[in-house]
Structures are given as C-alpha cells and as structure tokens.
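A.B. asks: need coordinates for the following:
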Amino acid sequence: MLPDVGGGAGQPGRERPAPPHGGDVYAAAARWGLDPDRVLDFSANLNPFGPPPGVVEAVRAALGRIRLYPEPHSATLAAALAEREGVPAPAVVVGAGATELIRLAALLARGGVAVAPSPTFGEYPRAVEAAGGTWVSVPLDPDRGFRPDVAALGGAARAARARLFFLCNPNNPTGVLLPAGEVLELAGVLAAQDCLLVVDESFVDLTPDPPAASVLAEAPRRPGLVVIRSLTKFYALPGLRLGYAVAAPALAGALRRLQDPWSVGALAQVAGRQALAEEAYAARTRAWVAEEPARLYRELAAIPGLRPLPPAANFILVDGSSTGLAAWELQERLGPLGILIRDCRSFGLPAGYFRVAVRTREDNARLLAALRRALGEGV
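C.D. replies: Got it, this is the predicted structure:
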C-alpha cells in the first residue's frame, strides 16, 4: 500500500501549495522575475525538439481553412493513420487529444464501475465521474516499483463488477511499461468478465521499441479492447489537441456516435496529416529516446537522496523523500533557477515524489546542476 499522502517530506507549519496539473511557464516566470524563454518546463512530457518545422509550415499555409467547418470525424486523417498502423480505416477514431477519447470511452460504460491501477493519469476518474460512473482504484506497491500484477488487476475488476478498466501503458507518472503479452492476458481476463479494457498508449511512441510495446495491432480483432494514442506528445503539439483510438470497427463506430463530428479542428487535422510524413523528425526522436532517458536516470540516481524509477518512456518518477523536502519545497528552490518539475501529490503519491520529463542533453544537464545546487543548499 502507498504511504499516507497527507504527510511525507516537508517542514511542518510551512504553506503547502495545491499540487498542480502541470507547469505554468508564464506564472513561474512572473513569480520569480524570469524571462519565460529561460524557464525549462520539466513538468510536461513532450518531445523536447518542438513541433516538426514541416508541421508548422503546413498549419501556416492552411490558416485560410478556419472559415470552413473541419472534415467530419477527420476521415482523411483517420485513413492515413489506418494505413500507417496497418488496421482497417473503420477501426480508427480521431479525437481532440487522448483526453476526448478517454471521455468517450467512459461514456460507453455510462453509470457503471470503472477500475484502474493507482497512481495513474487523473483524467480517468474525472471522465468516469462525468459519465455518472463509480471509480475504483487498485493501489500499486512502491516496493515492487509500482509494477502491476495481472492476476490482482483482474481480481479487483471482478470484485468491483467493473464494466470498464483503464490501463496507462507506459504508466503516467510511474514510467512502468507492462509487457504487451501481459496486457493481452489482462484483456482476455477482462473480456471473460464483460469488462472493456482501455489501454492508453499516449507515450508508447516515446519508448525505445514502440511496436514491441504496443497492443494496437490486436485491437481491431478484440471486441473488448480499445487502444488510445496521442499525437501531441511525440510531435510536441499539445496546443492543437490531437489523438486517435483503435478498436474493433463496431466498437469504434460506437465511439464515433458519441462524438461531435467536428470535435477536431481543421488546423489540427492538417497538422496530423503532415506529422505522419515527418520521417526525419521521427528518426531523430527515436535516436534520442534510445539514449537520453537511461542517461538521465543514471545521473539522477547518483544524486544523494533521490531514488528515480527506471524509465520506459520520456519521463522519470523520482522519490525524493530522503532529502527531507516535499516536492513543492524543492520546486521553491528550483524556481529561481528557471526549472519546473511536476509535484505528484495530484496522482495520490506522497509529498516527496516528483516527476521530470526527459529533455535534450543540454537541458538535462541544466536540470541536474540545479538539483545538485538546490539539494546542496538544503541538506
């Protein structure tokens, strides 16, 4: 079981700010008197190379399309995604980010019980509650590195009589990747219980071997499985909100019927189509993913008081409880140095946990230097 999140590291009597959902570069810059361009946001798990230049140019060239309604259900982009993934076009649903697709999935089990391991992405319980459902968490054991146990997950779903199960893989914020074989084993267990499995693979493209890590190819053949992907993480396009889901055609059709036909804007559709053609950008990103997360993990582990979890993707969960500082207190020291980290209390984790994105080698060096300075002054 997780420790009591009401306590943890931190000094008694100090004001404890509410855990944020992510960094706000402009607010941080104003608070600490910094140039926003000099603030490094390690709280956002995005491709550090920024949007592909070809995508920016394509969006700029398409600005005139804002006078027109977008193509309903992003049919052209859905077809392009289907071709890339090797699945039937009717199996693909394009959405305004993974978040919209999560909310549509929650509506499939409107009013029912939904289950997920914890800690995990906070949008799942919000989506379930908005759909009138009941949320049940299955705590993950920190002594096992927060690694899920398939039998325990299936048993928890059975006990709760769940209709819906969310699995973030790789999991945010822990960075743990459940092998594809175990995910499919869980899918089989849940299908026998008439429970839909929604696998959120928003970060799978930012793992060293996405095809081996993903179960997307299986989704069109399994009526109890939905796989959700994000295009905004890999291509650094969070302001445009773009993602897609893959499911058996009948299930994908049910999702589309719940969706506003124009939920994805025209410019986001243009960006998505161009992003799929950015092969040089993708190759550069894959080369970075193959080296930099492991390197940053080793450097973090060498800092006294920090216990990072081995990362499967482009972010690292760190237990900093041994420093004697809560994450928000560490942020107070890092802020004037132009560094933002992710306080993980909003994930239900103890106060000493924080998450950092993996950025470029230069940016990561700046993070490490700032952490050493902040902790050297305080311990």
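
A.B. asks: low-confidence stretches in the stretch 1-150 of the chain?
C.D. replies: 1-23 (pLDDT under 70).

A.B. asks: which residues in this structure form strands?
C.D. replies: Under the criterion DSSP state E, the chain contains strands at 40-41, 92-95, 113-118, 134-139, 164-168, 196-200, 225-230, 243-247, 307-308, 315-319, 339-340, 342-343, 353-357.

A.B. asks: how about those in a markdown table, adding mean neighbour count and distance to residue 146?
C.D. replies: C-beta coordinates here come from the backbone N, C-alpha and C atoms, glycine included. Output for the strands of the chain, formatted as a markdown table (neighbours: other C-beta atoms under 10 Å; distance: least, C-beta to C-beta, whole Å):
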| stretch | mean neighbour count | distance to residue 146 |
| --- | --- | --- |
| strand 40-41 | 22 | 24 |
| strand 92-95 | 28 | 28 |
| strand 113-118 | 24 | 8 |
| strand 134-139 | 17 | 9 |
| strand 164-168 | 27 | 11 |
| strand 196-200 | 27 | 16 |
| strand 225-230 | 28 | 21 |
| strand 243-247 | 28 | 24 |
| strand 307-308 | 20 | 12 |
| strand 315-319 | 25 | 8 |
| strand 339-340 | 26 | 23 |
| strand 342-343 | 28 | 16 |
| strand 353-357 | 27 | 11 |
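
A.B. asks: dump these to a markdown table, plus distance to residue 207.
C.D. replies: Formatted as a markdown table, these follow (distance: least, C-beta to C-beta, whole Å):
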| stretch | distance to residue 207 |
| --- | --- |
| strand 40-41 | 21 |
| strand 92-95 | 21 |
| strand 113-118 | 18 |
| strand 134-139 | 23 |
| strand 164-168 | 13 |
| strand 196-200 | 13 |
| strand 225-230 | 12 |
| strand 243-247 | 17 |
| strand 307-308 | 17 |
| strand 315-319 | 11 |
| strand 339-340 | 24 |
| strand 342-343 | 19 |
| strand 353-357 | 14 |
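
A.B. asks: closest one to residue 48 among those?
C.D. replies: Ranking those by proximity to residue 48 (C-beta to C-beta) places strand 353-357 first, at 7.5 Å.

A.B. asks: list the contacts for the closest residue to residue 62 other than its chain neighbours?
C.D. replies: Spatially, and ignoring its direct neighbours in sequence, residue 62 is nearest to residue 270 (4.4 Å; C-beta to C-beta, 6 or more residues apart in numbering). Residue 270 is in contact with 58-59, 62, 65, counting by C-beta atoms under 8 Å, 6 or more residues apart in numbering.

A.B. asks: quick one: residue 207 and residue 170 touch, right?
C.D. replies: Yes: counting by C-beta atoms under 8 Å, residue 170 is a contact partner of residue 207 at 6.3 Å.

A.B. asks: give me the below-cutoff pLDDT ranges for the stretch 201-350 of the chain.
C.D. replies: Looking at the stretch 201-350 of the chain by pLDDT under 70, you get an empty list.

A.B. asks: quick one, what contacts residue 84?
C.D. replies: Counted by C-beta under 8 Å, 6+ apart, residue 84 has contacts residue 276.

A.B. asks: now do 10 Å
C.D. replies: 92, 276 (C-beta atoms under 10 Å, 6 or more residues apart in numbering).

A.B. asks: now do residue 109
C.D. replies: Residue 109 neighbours (C-beta under 10 Å, 6+ apart): 128, 131-133, 162-165, 195-196, 198.

A.B. asks: and the helix ranked longest in the chain, which residues are buried?
C.D. replies: In the chain, taking DSSP state H as the definition, the longest helix is helix 279-301. Buried residues in helix 279-301, counted by 16 or more other C-beta atoms under 10 Å: 281-282, 285-286, 288-289, 292-293, 296-297, 299-300.

A.B. asks: can I get those residues in JSON lines including distance to residue 253?
C.D. replies: Output for the buried residues of helix 279-301, formatted as JSON lines (distance: C-beta to C-beta, whole Å):
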{"residue": "281", "distance to residue 253": "33"}
{"residue": "282", "distance to residue 253": "30"}
{"residue": "285", "distance to residue 253": "33"}
{"residue": "286", "distance to residue 253": "33"}
{"residue": "288", "distance to residue 253": "38"}
{"residue": "289", "distance to residue 253": "34"}
{"residue": "292", "distance to residue 253": "40"}
{"residue": "293", "distance to residue 253": "37"}
{"residue": "296", "distance to residue 253": "42"}
{"residue": "297", "distance to residue 253": "42"}
{"residue": "299", "distance to residue 253": "48"}
{"residue": "300", "distance to residue 253": "45"}
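
A.B. asks: hey, where'd the helices end up in the stretch 1-150 of the chain?
C.D. replies: 25-32, 53-61, 75-85, 97-108, 123-130, 150-160 (DSSP state H, counting those that start in this stretch).

A.B. asks: among these, which is the most enclosed?
C.D. replies: helix 97-108 (a mean of 24; mean count of other C-beta atoms under 10 Å).
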